[in-house]
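**Q** quick check, what structure comes out for this input:
(chains A, B, C and D)
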Protein chains: 4
Amino acid sequence: MKIDINSDVGESFGIYTLGNDAALMPYITSANIACGFHAGDPFVMKRTVALALKHHVKIGAHPGFDDLAGFGRKAINVSPSEIGPLMLYQIGALYGIVQAQGGALHHVKPHGALYNMAVKSNELAEAVVIAIKTFNPALYLYGLPNSALEWAAKKHALPFKAEIYADRNLTDEGTLVPRTASNAMIHDVEASALQITRIIEEGYALSVHDKHIPMRGETVCVHGDNPDAVAFAKALHGYLKGTL
Amino acid sequence: MKIDINSDVGESFGIYTLGNDAALMPYITSANIACGFHAGDPFVMKRTVALALKHHVKIGAHPGFDDLAGFGRKAINVSPSEIGPLMLYQIGALYGIVQAQGGALHHVKPHGALYNMAVKSNELAEAVVIAIKTFNPALYLYGLPNSALEWAAKKHALPFKAEIYADRNLTDEGTLVPRTASNAMIHDVEASALQITRIIEEGYALSVHDKHIPMRGETVCVHGDNPDAVAFAKALHGYLKGTL
Amino acid sequence: MKIDINSDVGESFGIYTLGNDAALMPYITSANIACGFHAGDPFVMKRTVALALKHHVKIGAHPGFDDLAGFGRKAINVSPSEIGPLMLYQIGALYGIVQAQGGALHHVKPHGALYNMAVKSNELAEAVVIAIKTFNPALYLYGLPNSALEWAAKKHALPFKAEIYADRNLTDEGTLVPRTASNAMIHDVEASALQITRIIEEGYALSVHDKHIPMRGETVCVHGDNPDAVAFAKALHGYLKGTL
Amino acid sequence: MKIDINSDVGESFGIYTLGNDAALMPYITSANIACGFHAGDPFVMKRTVALALKHHVKIGAHPGFDDLAGFGRKAINVSPSEIGPLMLYQIGALYGIVQAQGGALHHVKPHGALYNMAVKSNELAEAVVIAIKTFNPALYLYGLPNSALEWAAKKHALPFKAEIYADRNLTDEGTLVPRTASNAMIHDVEASALQITRIIEEGYALSVHDKHIPMRGETVCVHGDNPDAVAFAKALHGYLKGTL
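**A** Numbering: from 1, shown residues only, chains lettered A, B, ... in the order given. Just a heads-up that it's a prediction; the model follows:
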């Protein structure tokens, strides 16, 4: 069983830099590249695609709401019929830039509020899945396991990868320990790597009280927007290397 | 020799309507669809692509500068290296929407200031041509005959269609009669159809003084942004029907 | 008792025209001018302010969400703390353009989703009122009577004008007849003028079953975005002339 | 003779941070605050105005072209008639936010390409000056000495402050040593402070060959977009303290 490490990249814009994509890229295996709506611009996308190709990282579209000022994190009242054009425009835009460099798209992961709304709404999730499928039915959707996104992907036979977080502890019920709690985060990379290996290879996680929680995962999300995050990704990559 | 009638369409945005694409589409054979930078948005693009497919009209990307407020008509100081990402993003975005509807891209025609700058600059024209070619070397570039765009298309072996105007008179030197002159425009559709047929089938035009002007043309641009324009396009389509 | 006729104007953008402000302006007494976020741009604002000054129409800011593609009609999840900067930026921008032409701001009417959210939320309404008051406590807020907006205006002693609609029938409960009903609209201008006079001068309206409904109103909203609307505004202006 | 230290601030946008305004603000006396077109947004503007007021820093508007992606540095082909609305909108927007915090505008300094175009064109410079004057004739214009901007300010009796650079060496002709030369920059803060004092108090500068160059200056521009720049500003502030 292979493990995949994904990260949101290409989130700079114009003169503004966010994250350190060049430092992070060697340690991930899937790049979710912003498509110019919540972040990114055509020039950032070009540079990010080049980086991904150089490091043999799989390229995914990371479409979001058209809200640069809010970084795509604001809930916006969209109808399911708006999801298709919104996503196809962005996926296509990245495709154009990838195609020109001789690469290929591999997956799609919705961003921010679009992701959060689609994991909870069957209607929005189906709209997301249908948009991807009509573009290219071989693309993977990366999303929360047991969510509306996974349900919709199965319903429409779109390939799906369940996404887990590398740095979050779990309650006995299998949910994320709230960020407000002191033990919300896994700071130790080895502990994180062990948890990831359990989930991906053995199908369970350990809660903060060492309870066995059945859990699936096919891709691990790491953050790249601070120096610690790059160090974390690097260390995690080292621990998981044999299975990537 | 086939004649092609092209028009710029899909230039509405959000609540704002420009042109009457539904009325025009039956009378054209190539649609240059705005890609969301100087005009258009993902929803307008979706509707316009559906209209083009319904009427068997060839679909082209009509990319422009990222300047909705100026409708892409303002000269902006870009370097050739910026042209590629700018065009690939927009061509790809339209490709995404076309692909989802089972259609295919056929051509690219730059818009407004981007077009005007690229017809005069070999460097910008080459950047335009290379962007298109790296996306898909089978796409046609529509542009001014004998311009930098045509030169660059030939140099890089990109298919090219020379574009002529349906409604403009010519001087004895073969240039457009300036818009300030009273005889700038051809208002009579039959006269326009005859001129077009001369150019496309016989390789020459008649000037305002009936001088023979050698001239090539493979596609005729008609405007669609007022009721008269739709009537003109409809009548022209009638005259040229056998050769379209 | 004076009657005021207000209308949303200045909603064109760049090359796109919406409404017919020049035709409407002679028949209104308050102009709610879009401020460049949901519609309008600095050049449209300049022209609209000039028109209002020419016709001695009171000038109001009509701020909305920063969403040109959605015309400010999409609900966006904002916190009360975001309302102040959003409104002050737009009110100030219009002030800059008005000031340069020797005019003065008279009122503020929030637009679209911002209006709809603020009439229902005390917190958002207070944020709206405080923004206006910190800018200039003499400005009027135009809004729905008995709404959170009116409550907040009273609480903070901001001048308020209750807004009624010129063209909508009322149920026996005093609410608008839903747009889906055949008798939703008042099409007859004289009937509209009578209803308006009843409300503004006598403090009651007649329902569709001629029931007396206590109702206050200090300003009447007319729409200007189609030729019929201009004719309606013109006729209404004629009927109300003595009281404007 | 008082010395003024100005800096461009408030150039963050949404999630993106540029510069370190909080660290810089104690060491400057004039803040040129971006107005949401080339950089900045209403929330950044609110925070930046609060910082300036806290540190008793004079507040100026720093309007630019509407080009966030290009940071307002791209030359855009504008006509003089477009300058007024462009500037009044931005100056007014900042005024709205300043007014709500009980502050006052003190000056205007155009940004980037707008600045560079206006220092060379009498027509554009007059449009800049007239825009400011119609808004408030007591505002200072900060700009290059002996430029079109200074000429236009004098012609229209608008207060003007000649701006010099804190960190650039001068040729024997009094122009900036080109950035490509090894001695383009003054890295030593004491040398910079001495040069500034010479210019502002005694009306001359020393060239790289110690030639006396007549030069006026009333405000010194320091950059704030890297940690070194903040240290430079702090040290310069120390040297100049008695005269600020």
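**Q** packing partners for the worst-scoring helix or strand of chain A on mean pLDDT?
**A** Between all helices and strands in chain A, the lowest mean by mean pLDDT, DSSP states H and E belongs to helix A:227-240, at a mean of 88. Judged by 3 or more Cβ pairs under 8 Å, 6 or more residues apart in numbering or on different chains; DSSP states H and E, helix A:227-240 is in contact with strand A:4-9, helix A:21-24, helix A:189-197. Yep, even glycine has a C-beta here, placed from its N, CA and C like the rest.
**Q** look up phi and psi at A:His212.
**A** Dihedral angles phi and psi of A:His212 (degrees, to the nearest 10) take the values phi -80, psi 120.
**Q** could you give the number of residues near it?
**A** 14 (other Cβ atoms under 10 Å in any protein chain shown).
**Q** and it, how close does it get to A:Lys155?
**A** 30 Å (Cβ to Cβ, to the nearest Å).
**Q** then A:Ile200?
**A** 24 Å.
**Q** compare those two (neighbour count), which wins?
**A** More neighbours surround A:Ile200 than the other of A:Ile200 and A:Lys155, with 22 against 13 (other Cβ under 10 Å).
**Q** now the more buried one, what's its secondary structure?
**A** helix (DSSP: H, G, I helix; E, B strand; the rest coil).
**Q** hang on, it packs against A:Ile3?
**A** Yes. Applying Cβ atoms under 8 Å, one finds A:Ile200 in contact with A:Ile3, separated by 5.1 Å.
**Q** residues that sit against both of those two, list them.
**A** Residues touching both A:Ile200 and A:Ile3 (Cβ atoms under 8 Å, 6 or more residues apart in numbering or on different chains) are A:220, A:243.
**Q** tally of neighbours for A:Lys241?
**A** Other residues close to A:Lys241 by other Cβ under 10 Å number 10.
**Q** point out the most buried one among the helices and strands packed on helix A:227-240.
**A** strand A:4-9 (a mean of 25; mean count of other Cβ atoms under 10 Å in any protein chain shown).
**Q** just the CA trace of the least confident helix or strand of chain A, in PDB.
**A** Coordinates of the C-alpha atoms in helix A:227-240 are reproduced here as PDB (Å, rounded to 0.1, in the frame of the first residue of the first chain):
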ATOM      1  CA  PRO A 227       9.300  27.000   8.100                       C
ATOM      2  CA  ASP A 228       8.200  24.500  10.800                       C
ATOM      3  CA  ALA A 229       5.800  23.000   8.300                       C
ATOM      4  CA  VAL A 230       8.600  22.400   5.800                       C
ATOM      5  CA  ALA A 231      10.700  20.800   8.400                       C
ATOM      6  CA  PHE A 232       7.800  18.600   9.500                       C
ATOM      7  CA  ALA A 233       7.100  17.600   5.800                       C
ATOM      8  CA  LYS A 234      10.800  16.800   5.400                       C
ATOM      9  CA  ALA A 235      10.900  14.600   8.500                       C
ATOM     10  CA  LEU A 236       7.700  12.900   7.700                       C
ATOM     11  CA  HIS A 237       8.900  12.200   4.200                       C
ATOM     12  CA  GLY A 238      12.000  10.600   5.700                       C
ATOM     13  CA  TYR A 239      10.000   8.300   7.900                       C
ATOM     14  CA  LEU A 240       7.600   7.300   5.200                       C
END
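**Q** for A:Gly72, give me the pLDDT.
**A** pLDDT, A:Gly72: 96.
**Q** if we can go back for a sec, dump the helices and strands packed on helix A:227-240 to JSON lines, plus distance to chain C.
**A** Shown next, in JSON lines, are the helices and strands packed on helix A:227-240 (distance: least, Cβ to the nearest Cβ, whole Å):
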{"stretch": "strand A:4-9", "distance to chain C": "21"}
{"stretch": "helix A:21-24", "distance to chain C": "28"}
{"stretch": "helix A:189-197", "distance to chain C": "32"}
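**Q** of all those, which lies closest to chain D?
**A** strand A:4-9 (12.3 Å; Cβ to the nearest Cβ).
**Q** and whatever residue is furthest in space from the centre of chain A, what's its pLDDT?
**A** The outermost residue of chain A relative to its centre, with distances by Cα atoms, centre = their mean, is A:His209 at 27.7 Å. pLDDT for A:His209: 95.
**Q** contacting residues for it?
**A** Residues near A:His209 by Cβ under 8 Å, 6+ apart: A:Asp172.
**Q** what about the closest residue to A:Ala23 other than its chain neighbours, neighbour count?
**A** Leaving out its chain neighbours, the residue that sits closest to A:Ala23 by Cβ to Cβ, 6 or more residues apart in numbering or on different chains is A:Val230, at 4.8 Å. By the measure other Cβ under 10 Å, the count of residues near A:Val230 is 23.
**Q** and A:Val230, how far from A:Met25?
**A** Distance from A:Val230 to A:Met25, by Cβ to Cβ: 10 Å.
**Q** which SS state does A:Gly217 fall under?
**A** coil.
**Q** who does the nearest residue to it once chain neighbours are set aside bridge with?
**A** Spatial nearest neighbour of A:Gly217, excluding adjacent residues (Cβ to Cβ, 6+ apart): A:Ile164 at 3.7 Å. Under DSSP bridges, the beta-bridge partners of A:Ile164 are A:Val220.
**Q** so A:Ile164 sits against A:Ile213, correct?
**A** No. Assessed by Cβ under 8 Å, A:Ile164 is found out of contact with A:Ile213, at 11.4 Å.
**Q** between the two, who's got more neighbours?
**A** Higher neighbour count among A:Ile164 and A:Ile213: A:Ile164, with 20 against 16, using other Cβ under 10 Å.
**Q** and chain A, which of its residues are near chain C?
**A** Proximity of chain A to chain C, by Cβ under 8 Å from any Cβ of the partner chain, involves residues A:66, A:69, A:74-78, A:113.
**Q** give me that answer again for 10 Å
**A** For chain A, the residues in contact with chain C (Cβ under 10 Å from any Cβ of the partner chain) are A:65-70, A:73-79, A:82, A:113.
**Q** restrict those to those near chain B?
**A** Among the residues of chain A next to chain C, chain B is touched by A:66, A:82 when using Cβ under 10 Å from any Cβ.
**Q** which of the residues of chain A next to chain C count as buried?
**A** A:65-70, A:73-76, A:78, A:82, A:113 (16 or more other Cβ atoms under 10 Å in any protein chain shown).
**Q** ok, of the residues you listed, which one's closest to chain B?
**A** A:Glu82 (7.0 Å).
**Q** returning to what we had before: quick check: the residue nearest to A:Ala23 touching A:Val9?
**A** No. Counting by Cβ atoms under 10 Å, A:Val230 stays clear of A:Val9, with 11.5 Å between them.
**Q** list residues touching both of the two?
**A** A:19-22, A:24-25, A:224 (Cβ atoms under 10 Å, 6 or more residues apart in numbering or on different chains).
**Q** what about the strands in chain A?
**A** Assigned by DSSP state E, chain A shows strands spanning A:4-9, A:30-34, A:58-62, A:105-108, A:140-143, A:160-165, A:204-206, A:212-214, A:219-221.
**Q** flag every buried residue along the fifth one.
**A** Just to be clear, that refers to strand A:140-143. Quick answer for strand A:140-143 (16+ other Cβ under 10 Å): A:140-143.
**Q** what about the longest helix along chain A, average pLDDT?
**A** In chain A, with assignment by DSSP state H, the single longest helix is helix A:80-100. Helix A:80-100 comes out with an average pLDDT of 98.
**Q** quick one, it and strand A:30-34 angle?
**A** Orientation check (axes from the mean of the first three to the mean of the last three Cα atoms, to 10 degrees): helix A:80-100 against strand A:30-34 gives 110 degrees.
**Q** OK, contacts around the closest residue to A:Met45 other than its chain neighbours?
**A** Closest residue to A:Met45 apart from its sequence neighbours, by Cβ to Cβ, 6+ apart: A:Ile97 at 4.9 Å. The contact partners of A:Ile97, by Cβ under 10 Å, 6+ apart, come to A:10, A:33, A:35-36, A:42-50, A:59, A:103, B:84-85, B:88-89, B:91-92, B:131, B:134-135.
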